[in-house]
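Participant: The following comprises the amino acid sequence and a computationally predicted model.
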There are 2 protein chains.
Amino acid sequence: MSIEFWFEFGSTYSYPAATRVSRLLAAAEIPLVWRPFLLGPIFSEQGWNTSPFNIYPAKGRYMWRDMERTCAELGVDFRRPSVFPRNGLLAARIACQFSESPWIAEFVRGVYVANFARDLEISEPEVLAAVLRSLAQEPAPILERAQRPEAKAALRAQCDRAAEYGIFGAPMLRVGTELFWGNDRLEAAVRWHQEHPK
Amino acid sequence: MSIEFWFEFGSTYSYPAATRVSRLLAAAEIPLVWRPFLLGPIFSEQGWNTSPFNIYPAKGRYMWRDMERTCAELGVDFRRPSVFPRNGLLAARIACQFSESPWIAEFVRGVYVANFARDLEISEPEVLAAVLRSLAQEPAPILERAQRPEAKAALRAQCDRAAEYGIFGAPMLRVGTELFWGNDRLEAAVRWHQEHPK
């Protein structure tokens, strides 16, 4: 049984989680399935037009400070981005289309580093192209394929599935039918998997 | 330097945190300061008239399942209460007035067990009296003192301080000026304390 890692490129805590999830699951010999999705539609359903960290200032102040501490503890570069949340639509379409490519883990991390360590505009194709080039991938055919109607439909279907599964935030780990929410709960998801083998 | 444990008797995740925080801090030789407060006024400021777990159903469903798992893993009794959130005002007034009494840790745990394992109405003085009697404390003088004007004012002042500190949820650990939110972050608060001695 694999563990699904549901993440959104605009989500802060998805960043440290994405940088450590593949190492953690590999060490436990658990297959990892990358599940990019969008929080926008889910937040809209709750009546929010932006991140709750923007809507609730005390929560937002806490989160930014906590991100600094969390990334420092993990040795992960972090700089508070000048725009939050950034639009991760195109990056998510790429990750959805190429979720089984050998370079997917490095692409995911590269996009997060662009957003949360280098303050780059990840909605711009050129920024994503630079990430792909850094992985020795030719950007043009990947960007082209990610913008085809079937790629758009695939990500939409994945977002619908997130809502069906009761996913309300990111990162979210799914182990069988169990959900574990947050960078804090990666280890709990692995323990659950080990204690409930199928 | 001590660690302040800010908690609300109606808060679900405060329950497992309260059952393990004193052991955890004692093992690290860090003094613990009990800081009961009320989330109601803080939620009101955010436009909520109940717990966000009631307002956002997917988040609520997740939390109840996660509480079952978390308490099972910690070996802490748990039964989903028939009323949520319960009003912890009187219990908080007692805990605020008697926060340095030798029985405070056991009183806090006893009230949480009443609410989240025995489904008892913790707003009723008789339920709190039973907790006090189980600790060999005479309830009448304690309940009387907790309802004096100065006791009410003390808890109000503590709630004001919570808001000033930027506390927006519970449980919250305060180490110097740093905040750590949630049952998941107790260990992080202890590590922070150890790495930043004053």
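Facilitator: Sure, I can see it.
Participant: okay, the longest helix that chain A contains in CSV with CA atoms only?
Facilitator: When chain A is scanned for its longest helix (criterion: DSSP state H), the result is helix A:57-74. Presented in CSV, the C-alpha positions along helix A:57-74 are these (Å, rounded to 0.1, in the frame of the first residue of the first chain):
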residue,chain,number,x,y,z
PRO,A,57,-3.9,38.0,11.1
ALA,A,58,-2.8,36.3,14.4
LYS,A,59,-2.8,32.9,12.7
GLY,A,60,-0.9,34.4,9.8
ARG,A,61,1.8,36.0,12.0
TYR,A,62,2.2,32.8,13.9
MET,A,63,2.5,30.8,10.7
TRP,A,64,5.3,33.0,9.2
ARG,A,65,7.3,32.8,12.4
ASP,A,66,6.7,29.1,12.7
MET,A,67,7.8,28.5,9.1
GLU,A,68,11.1,30.3,9.8
ARG,A,69,11.7,28.1,12.8
THR,A,70,10.5,24.9,11.1
CYS,A,71,12.7,25.5,8.0
ALA,A,72,15.7,26.5,10.1
GLU,A,73,15.4,23.3,12.2
LEU,A,74,15.2,21.2,9.0
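Participant: my guess is A:Ala151 meets A:Ala95, correct?
Facilitator: No - counting by C-beta atoms under 8 Å, A:Ala151 does not reach A:Ala95; the two are 10.6 Å apart. (Each C-beta comes from the backbone N, C-alpha and C, glycine too.)
Participant: With neighbour numbers in mind, choose between those two.
Facilitator: A:Ala95 (24 against 17; other C-beta atoms under 10 Å in any protein chain shown).
Participant: now what about the particular helix or strand that has the more buried one in it, what contacts it?
Facilitator: With secondary structure defined by DSSP states H and E, A:Ala95 is part of helix A:89-97. By C-beta atoms under 8 Å, 6 or more residues apart in numbering or on different chains, the list of residues contacting helix A:89-97 from outside reads A:8-9, A:34, A:36-38, A:104, A:107-108, A:111, A:122-123, A:125, A:128, A:142-143, A:145-147, A:151-152, A:154-155, A:158.
Participant: mean confidence score for the longest helix of chain A?
Facilitator: What helix A:57-74 shows for mean pLDDT is 97.
Participant: Next: stretch A:85-103.
Facilitator: Across stretch A:85-103, pLDDT averages out at 98.
Participant: Looking at the contacts of helix A:89-97, which are in helices?
Facilitator: Using DSSP H, the contacts of helix A:89-97 in helices are A:104, A:107-108, A:111, A:125, A:128, A:142-143, A:145-146, A:151-152, A:154-155, A:158.
Participant: biggest separation within those, which pair?
Facilitator: A:Pro125 and A:Gln158 (20.7 Å; C-beta to C-beta).
Participant: Comparing these two, which residue is more hemmed in?
Facilitator: Neighbour count, other C-beta under 10 Å: between A:Pro125 and A:Gln158, A:Gln158 has more, with 19 against 16.
Participant: Around chain B, which positions in chain A sit nearby?
Facilitator: Neighbours of chain B within chain A, by C-beta under 8 Å from any C-beta of the partner chain: A:46, A:56, A:58-59, A:61-62, A:65-66, A:69, A:73, A:166-169, A:178-182, A:184-185, A:188, A:191-192.
Participant: Name only those of the residues you listed that count as buried.
Facilitator: The neighbour-count test (16 or more other C-beta atoms under 10 Å in any protein chain shown) applied to those identifies A:56, A:58-59, A:62, A:66, A:166-169, A:178-182, A:184-185, A:188, A:191-192 as buried.
Participant: Restricted to strands, list those residues.
Facilitator: A:178-181 (DSSP state E).
Participant: Now do the same contact list for the residue nearest the centre of chain A.
Facilitator: In chain A, the C-alpha closest to the average C-alpha coordinate belongs to A:Phe7, at a distance of 2.9 Å (C-alpha atoms, centre = their mean). By C-beta under 8 Å, 6+ apart, the contact set of A:Phe7 is A:14, A:17-18, A:34-37, A:108, A:170-172.
Participant: re the thing from before, if we only consider the ones in helices among the contacts of helix A:89-97, which is nearest to chain B?
Facilitator: A:Gln158 (16.7 Å; C-beta to the nearest C-beta).
Participant: contacting residues around the closest one?
Facilitator: A:Gln158 touches A:35-37, A:96, counting by C-beta under 8 Å, 6+ apart.
Participant: let's see 10 Å
Facilitator: A:6, A:35-38, A:92-93, A:95-96, A:99 (C-beta atoms under 10 Å, 6 or more residues apart in numbering or on different chains).
Participant: May I ask which two of those are separated the most?
Facilitator: A:Trp6 and A:Arg93 (15.6 Å).
Participant: low-scoring stretches of chain A, by residue?
Facilitator: Chain A contains residues with pLDDT under 70 at A:198.
Participant: Kindly recompute the last result at 80.
Facilitator: Residue ranges of chain A with pLDDT under 80: A:197-198.
Participant: bridging residues for the residue nearest to A:Ile167 when sequence neighbours are not counted?
Facilitator: Nearest residue to A:Ile167 in three dimensions, chain neighbours excluded: A:Trp6, at 5.6 Å (C-beta to C-beta, 6 or more residues apart in numbering or on different chains). Assessed by DSSP bridges, A:Trp6 has beta-bridge partners A:Arg35, A:Met172.
Participant: Verify the stated contact: A:Trp6 with A:Gly182.
Facilitator: No - counting by C-beta atoms under 10 Å, A:Trp6 sits too far from A:Gly182 to count as a contact (11.5 Å).
Participant: Quick check: neighbours shared by those two?
Facilitator: With C-beta under 10 Å, 6+ apart as the test, A:Trp6 and A:Gly182 both reach A:14, A:169-173.
Participant: Among those, name the buried ones.
Facilitator: A:14, A:169-173.
Participant: Among the residues you listed, which one sits closest to chain B?
Facilitator: Distance ranking of these against chain B, using C-beta to the nearest C-beta, places A:Gly169 first at 7.6 Å.
Participant: contacting residues around the closest residue to the closest one other than its chain neighbours?
Facilitator: Distances taken as C-beta to C-beta, 6+ apart place A:Trp181 nearest to A:Gly169, at 5.8 Å, with adjacent residues excluded. Neighbour list for A:Trp181: A:6, A:13, A:167-173, A:188-189, B:59, B:62-63, B:66 [criterion: C-beta under 10 Å, 6+ apart].
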